[in-house]
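Novice: Only the shape, not the letters, is given here:
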């Protein structure tokens, strides 16, 4: 096999065009076989095989910087840079599903949040300029919907301002992000895809006119001087050229020879260049091409021949939300849905099918989505903006200043909250309950099971004068966790027997960690430690009944699937101080560090967020209060 002979990008230089075509076929077979066993981003990588080969033939990584946006398109890049062991893809100690600096010197940025690459490329090109590195180049691949994000256009505006600073921007135009790409830019690119290129027309015209005696050359120069209007007539790429960017394309993104020619021309140019490549997401794999929803954007473990899941998926948090949104949509004509290019992943596809005139896909533009939601609410409807928890980080200012400040009734539904695992550091939804704590008037719900998700979603969309947030985990929704009582707006999940006048521990359980918190209570009970378990349901604001309840216990413990800094534990601690309740509090959550990719349960074990770990520490805390343990000896210095 040719692929096994590729240990680094320069090994590609020795291959003929026929061998490169064979290599592309081998790579596609490898990807289908490998990713079907582990799950991962299959469709996008099948679409960039030839493009990635051409990039590494033309540019000299790692001296030249080759960047991908988003990073889930980098599987082929990994294969060509010496990483062909995909057995552990997206698992602990295996390959990351995104570029990773820890893996290779060829990985420059670890970007898995879209629309960032042009900002990186702009900075890298400026650094080359400042340091006089004229033989260094930057090639930024942006596609799979990333060009719909506002950050990309901010960067383009700056890149175009330096007309003599070399930078190659490769637009990977596959018509899609997760599903079909939405918006005016998508329509513009579609026009380019279906129009004969200006460069071919001009080249043919030049050849003909230069053979015409006397008037030929002056006539060509006149036409060339009027090229703006001519280009708009023949191929409307004027949008890019209006910014001051040289445009090459559209290029067949599966023709290695044509790609190399275009990239070489762009590399030689002394300023910023757009190379527009047309690719096919899922290319070469029939099940992906026939999957109209997202062309196998991301898959679980599948049968490689059929593309069908190996296991039947159980009900997920996302599916519960999806079904309830449809029910709410039938009951309320004023409820609309918003997605940032993730209609299927966040579960709004069912709502879109039922109410096609009440769904808005804003592209990968969370900031715009949040402010547009504020406008919708001001106009008299109630928008539900469903987005991954980690991606709401990008729209914080809009949540604060556009939605909350204006007291707009907008509901944000945060999917994949807490530790998500296999997608790595950037996808763990571990910041939302911290950053949202500072937003005045915002209410935040953390449902513990499917029943509570349905109930709290309905409670959220009833709020008309403030933003509401409903956050839930990735994956399968667990069994129902019934309440044994209620105090204030909180559910009691477990109470000690009536003979206990002052229980030892008040355990505040947040969201989907309720089953684990009940397990903690069982372990404490075996140590003779009495425990009350309470689910606040709405963790912001802190329920007024919590402080009096805490005052009737000896210790308060909070457990949350969120970063400890500024999270629910911090909010509860402040609420107790404000109420004058002087009870020891211990908060358990995610440490403030970037967590490597692994299974969720492996990460929770690594950070000590398990029932045995927490029960052991709480036992020690209670023992200290009882005076059963001496204080730890002071550290000594040798």
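Specialist: Received, thanks. What you see is a predicted model, and the numbers here were worked out from it, not measured in a lab.
Novice: Now do stretch 309-328: everything it contacts.
Specialist: Here stretch 309-328 makes contact (Cβ atoms under 8 Å, 6 or more residues apart in numbering) with 300-303, 335, 337, 345-351, 354, 384, 386, 413, 415, 450, 453-454, 457-458, 461, 472-477, 512. Glycine gets a C-beta too; all of them are placed from N, C-alpha and C.
Novice: Return the distance of it from the chain's centre.
Specialist: 20 Å (Cα atoms, centre = their mean, to the nearest Å).
Novice: buried set for that stretch?
Specialist: 316-326, 328 (16 or more other Cβ atoms under 10 Å).
Novice: With respect to residue 274, which of the residues you listed is nearest?
Specialist: Nearest to residue 274 out of the buried residues of stretch 309-328 is residue 318 (Cβ to Cβ; 36.3 Å).
Novice: where along the stretch 301-450 of the chain do the strands fall?
Specialist: 335-339, 359-361, 382-388, 411-415, 443-445 (DSSP state E, counting those that start in this stretch).
Novice: So which residue is dead centre in the protein?
Specialist: residue 113 (5.0 Å; Cα atoms, centre = their mean).
Novice: you'd agree it is up against residue 388?
Specialist: No. Between residue 113 and residue 388 there is no contact under Cβ atoms under 8 Å: 9.7 Å.
Novice: The longest strand belonging to the chain packs against which elements?
Specialist: Longest strand of the chain, by residue count under DSSP state E: strand 555-563. Contact here means 3 or more Cβ pairs under 8 Å, 6 or more residues apart in numbering; DSSP states H and E; on that basis strand 555-563 packs against helix 432-435, strand 505-509, helix 514-526, helix 568-578, strand 585-590, helix 611-626.
Novice: Please convert the ones you listed to CSV, extending it with mean pLDDT, distance to residue 275 and mean neighbour count.
Specialist: Output for the helices and strands packed on strand 555-563, formatted as CSV (pLDDT from 0 to 100; distance: least, Cβ to Cβ, whole Å; neighbours: other Cβ atoms under 10 Å):
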stretch, mean pLDDT, distance to residue 275, mean neighbour count
helix 432-435, 95, 37, 24
strand 505-509, 98, 53, 26
helix 514-526, 96, 51, 19
helix 568-578, 96, 48, 19
strand 585-590, 95, 41, 21
helix 611-626, 93, 52, 17
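Novice: Residue 48 is nearest to which of those?
Specialist: helix 432-435 (31.5 Å).
Novice: returning to that earlier point: name the strands paired with the longest strand of the chain and say parallel or antiparallel.
Specialist: Next to strand 555-563 in the sheet, as set by DSSP bridges, lie strand 505-509 (parallel), strand 585-590 (parallel).
Novice: now the angle from it to helix 514-526?
Specialist: 150 degrees (axes from the mean of the first three to the mean of the last three Cα atoms, to 10 degrees).
Novice: okay, the angle between strand 555-563 and helix 611-626?
Specialist: Going by the same axes, to 10 degrees, strand 555-563 makes 150 degrees with helix 611-626.
Novice: Show the residue spans covered by the helices in the stretch 51-200 of the chain.
Specialist: 75-80, 117-130, 150-161, 184-193, 198-210 (DSSP state H, counting those that start in this stretch).
Novice: Confidence-wise, which of those is weakest overall?
Specialist: Looking at the helices of the stretch 51-200 of the chain, the lowest mean pLDDT belongs to helix 184-193 (a mean of 49).
Novice: Tell me if I'm right that residue 565 and residue 433 touch.
Specialist: No. Residue 565 is beyond contact range of residue 433, at 10.6 Å (criterion: Cβ under 8 Å).
Novice: re earlier: let me know the closest of the buried residues of stretch 309-328 to residue 61.
Specialist: For the buried residues of stretch 309-328, the nearest to residue 61 is residue 318 (37.4 Å; Cβ to Cβ).
Novice: Give me the pLDDT value at the closest one.
Specialist: For residue 318, the predicted pLDDT is 95.
Novice: List the contacts of residue 508.
Specialist: 534, 536, 546, 556-559, 568, 572.
Novice: can I get the helices and strands packed on strand 555-563 in CSV with distance to residue 160?
Specialist: Below are those laid out as CSV (distance: least, Cβ to Cβ, whole Å):
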stretch, distance to residue 160
helix 432-435, 33
strand 505-509, 52
helix 514-526, 52
helix 568-578, 44
strand 585-590, 41
helix 611-626, 53
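Novice: right, so of the ones you listed, which gets closest to residue 43?
Specialist: Here helix 432-435 is closest among the helices and strands packed on strand 555-563 (Cβ to Cβ), at 28.1 Å.
Novice: Next, the contact list for residue 34, please.
Specialist: 86-87, 89.
Novice: where does the residue nearest to residue 139 when sequence neighbours are not counted land on pLDDT?
Specialist: Counting by Cβ to Cβ, 6 or more residues apart in numbering, residue 139 lies nearest to residue 168, which is 4.4 Å off, once chain neighbours are set aside. Note for residue 168: predicted pLDDT of 96.
Novice: okay but residue 168 is in contact with residue 141, surely?
Specialist: No. Between residue 168 and residue 141 there is no contact, the gap being 9.3 Å when judged by Cβ under 8 Å.
Novice: List the residues that contact the residue nearest to the centre of the chain.
Specialist: 70, 390-391, 394, 426.
Novice: Now do the contacts for residue 442.
Specialist: 399, 404, 436, 466-469, 540 are the contacts of residue 442 under Cβ under 8 Å, 6+ apart.
Novice: Most neighbours out of these, which is it?
Specialist: residue 467 (30 neighbours; other Cβ atoms under 10 Å).
Novice: Check the chain for its longest helix and report it.
Specialist: Counting residues, the longest helix found in the chain (DSSP state H) is helix 17-38.
Novice: For that one, buried residues please.
Specialist: Buried-residue list, helix 17-38, by 16+ other Cβ under 10 Å: 20-21, 23-24, 26-28, 30-32, 34-36, 38.
Novice: likewise stretch 104-115?
Specialist: In stretch 104-115, counting by 16+ other Cβ under 10 Å, buried: 104, 106-115.
Novice: And it, how far out from the chain middle?
Specialist: Worked out by Cα atoms, centre = their mean, stretch 104-115 lies 13 Å from the chain centre.
Novice: Regarding that stretch, how distant is the last residue from the first?
Specialist: 22 Å (Cα to Cα, to the nearest Å).
Novice: any chance of the buried residues of stretch 309-328 in CSV, with distance to residue 606 too?
Specialist: Below are those laid out as CSV (distance: Cβ to Cβ, whole Å):
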residue, distance to residue 606
316, 24
317, 23
318, 25
319, 29
320, 28
321, 29
322, 32
323, 34
324, 34
325, 35
326, 38
328, 38
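Novice: how about residue 296, secondary structure?
Specialist: coil (DSSP: H, G, I helix; E, B strand; the rest coil).
Novice: Next up, the contacts around it.
Specialist: 42-43, 46, 282, 285, 287-288, 307.
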